[in-house]
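Novice: A structural model of the following input is requested.
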Amino acid sequence: QNAGSLISRYDIIADGCDNFETRFLVNDACFRLKKTLVSAALGRFEGQLSTFKAHLGAPHPCYRCLYPELPPPGTIPPCSENGVFPPLAGLLGTWQASEIIKEILGLGESLSGQLLLVDVLHPEARKVVLHRDSKCQCCGEA
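Specialist: Okay, here's the model as predicted:
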């Protein structure tokens, strides 16, 4: 009920929510209010980070372009059950803060349209390209 009034106060939104319902809500509000969303997610030893600027139009995707539907209940255990490797939280939080500062200052390469995947057990990080989904429930053509 208060997502719009909270998000409307800021230019860039940092998302570190712990559930998909809230992530979808934040994404949708950011799209409607034309806000940039920098999203970080963690799970045990792996994390992901991206910047979503779907309000700028194609080719920029939104979070729902990456995850169109909520995962079926019970398929992804919550962090409260599965745990999170504490240094991963620090790493992703620092990287997320860096992305926000870059967006504010217009520096470097934006993660918009890219997803950074981090695995601290192996250790590796790689980027994959994200595409805008023309059938997306949030930012699609319909």
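Novice: residue nearest the centroid of the protein?
Specialist: Nearest residue to the geometric centre of the chain (Cα atoms, centre = their mean): residue 39, 2.7 Å.
Novice: give me the contact list for stretch 11-22.
Specialist: The contact list for stretch 11-22 (Cβ atoms under 8 Å, 6 or more residues apart in numbering) reads 7, 23, 26-27, 30, 35-41, 67, 70-71, 76, 78-80, 93, 96-97, 100, 103-104. Glycine gets a C-beta too; all of them are placed from N, C-alpha and C.
Novice: tell me where the protein has strands.
Specialist: 12-15, 36-43, 46-52, 114-119, 124-129 (DSSP state E).
Novice: quick revisit: what sits closest to the residue nearest to the centre of the chain if chain neighbours are left out?
Specialist: Nearest non-adjacent residue to residue 39, counting by Cβ to Cβ, 6 or more residues apart in numbering: residue 15, 4.2 Å away.
Novice: the one you found and residue 28: what is the separation?
Specialist: 12 Å (Cβ to Cβ, to the nearest Å).
Novice: by contact count, what packs against the helix or strand of the chain with the lowest mean pLDDT?
Specialist: Least confident helix or strand, the chain: helix 79-82 with a mean of 79, by mean pLDDT, DSSP states H and E. Counting contacts by 3 or more Cβ pairs under 8 Å, 6 or more residues apart in numbering; DSSP states H and E, helix 79-82 is packed against strand 36-43.
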